[in-house]
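Colleague: Give me a 3D structure for the following:
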Amino acid sequence: MIPLLLRLLLLDCIKNFLVKYFGPLGYFLGLEVTHSDASLFLSQVKYAHDILSHAGLLDSKHVATLLATTDTFLSKGVLFHNPTLYRSLAGALQYLTITRPDISYAVNQASQHLQAPTTSHFQLVKRILHYVKGTIAFGLTFSKPTSTTIVGYSNADWARCIETKRSTYGYSIYLGGNLVSWSAKKQPTVSRSSCESEYHAIANTTAKIIWLTHLLQELRALPMARPTLLCDKKVLFF
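Modeller: Below you'll find the predicted structure:
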């Protein structure tokens, strides 16, 4: 499906713009593309290496998990002495989530404290970097699907933020078994129950799936089967 979408986009560009073809894509804006007969592999190894070098953690040890179960993210605490460094690392990690959905939630937590980062927040960023050090070769694989179906997964953590009582939600959307869209964000409003927070998450995921179906329709690659959305073991059809 993904190579087909790329070919359709290329044909559309050729019809409307003067373009030159320089061969298969290998490296673009920090993204590295590895081609094989059956799949594409996207990674950001060099970019991740540059982040670790900037943070001075190239020779550091790696950790197996992004967050400890006891981690809490409060705005109060001793302010970090170099907020510019904190913001630059958090921003760089945001770009790394293009091919690393596994760090999206932790990076989202770190990015909520850019205005006044504390030393504990910086320790969180360092832990993320230690995790990246041990998983630097991770990335996304896009293979040729046997069926082009759209499947979405949605979930919410009710009142995750201790200070604002706002929930955090996340979703992931697969096209033909390939991960094409994901997110982890704090909900803009306070939910009065776990059910309400789940419904907000479902609504946001539904909007994203509808946007994706419209895009595929314009590219003439819309799957025949209806999209499926799963939330807490419940299956919802469009």
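
Colleague: Going by C-alpha atoms from here, please, whenever you check contacts or count neighbours.
Modeller: Fine.

Colleague: and the longest helix along the chain, what's its mean pLDDT?
Modeller: The longest helix of the chain (DSSP state H) is helix 194-218. Mean pLDDT, computed over helix 194-218, is 89.

Colleague: so what does it touch, helix or strand wise?
Modeller: strand 150-157, strand 168-175, strand 228-231 (3 or more CA pairs under 8 Å, 6 or more residues apart in numbering; DSSP states H and E).

Colleague: can you do 10 Å?
Modeller: strand 150-157, strand 168-175, strand 178-186, strand 228-231 (3 or more CA pairs under 10 Å, 6 or more residues apart in numbering; DSSP states H and E).

Colleague: so how far is Asn108 from the residue nearest in space to the middle of the chain?
Modeller: Nearest residue to the geometric centre of the chain (CA atoms, centre = their mean): Pro101, 3.7 Å. Pro101 sits 11 Å away from Asn108, going by CA to CA, to the nearest Å.

Colleague: Please apply the same query to Tyr171.
Modeller: Distance from Tyr171 to Asn108, by CA to CA: 14 Å.

Colleague: between those two, who's got more neighbours?
Modeller: More crowded of Tyr171 and Asn108, by other CA atoms under 10 Å: Tyr171, with 23 against 19.

Colleague: Skipping its backbone neighbours, what lies nearest that one in space?
Modeller: Distance criterion CA to CA, 6 or more residues apart in numbering; nearest residue to Tyr171, sequence neighbours excluded, is Ser154 at 4.4 Å.

Colleague: Confirm for me that that neighbour is in contact with Thr206.
Modeller: Yes - counting by CA atoms under 10 Å, Ser154 sits close enough to Thr206 to count as a contact (9.3 Å).

Colleague: got any residues that touch both of these two?
Modeller: Tyr171, His200, Leu229 (CA atoms under 10 Å, 6 or more residues apart in numbering).

Colleague: show me the contacts for the second one.
Modeller: Think His200. Ser154, Asn155, Ala156, Ser167, Tyr169, Gln187, Pro188, Thr189, Ser191, Ser194, Thr206.

Colleague: Drop anything exposed from those.
Modeller: For these, a burial check counting by 16 or more other CA atoms under 10 Å picks out Ser154, Asn155, Ala156, Ser167, Tyr169, Gln187, Ser191, Thr206.

Colleague: Using the record's domain definitions, break the chain down for me.
Modeller: Annotated domains of the chain cover 45-134, 148-238 [automatic domain parsing].

Colleague: any chance of the ones you listed in TSV, with distance to Leu29 too?
Modeller: Listed next are those as TSV, based on distance: least, CA to CA, whole Å:
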stretch	distance to Leu29
domain 45-134	9
domain 148-238	19
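
Colleague: Distance check, Lys20 against Tyr27.
Modeller: Taking CA to CA, one finds Lys20 at 16 Å from Tyr27.

Colleague: Looking at the two, which is more packed in?
Modeller: Ranked by neighbour count (other CA under 10 Å), Lys20 and Tyr27 place Tyr27 first, with 13 against 7.

Colleague: What separation do you get for Ala207 and Gly26?
Modeller: 33 Å.

Colleague: For Trp211, see how far away Val107 is.
Modeller: Relative to Trp211, and taking CA to CA, Val107 is found at 25 Å.

Colleague: out of those two, which sits in the busier spot?
Modeller: Val107 (24 against 12).

Colleague: Please name the residues that touch the more buried one.
Modeller: Contacts for Val107 (CA under 10 Å, 6+ apart) come out as 66, 90-97, 101, 124-125, 128, 184.

Colleague: In PyMOL, select just the buried ones from the residues you listed.
Modeller: Selecting only the buried members of the contacts of Val107 in PyMOL, with burial defined as 16+ other CA under 10 Å, works like this:
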select buried, resi 66+90+92+93+94+96+97+101+124+125+128+184
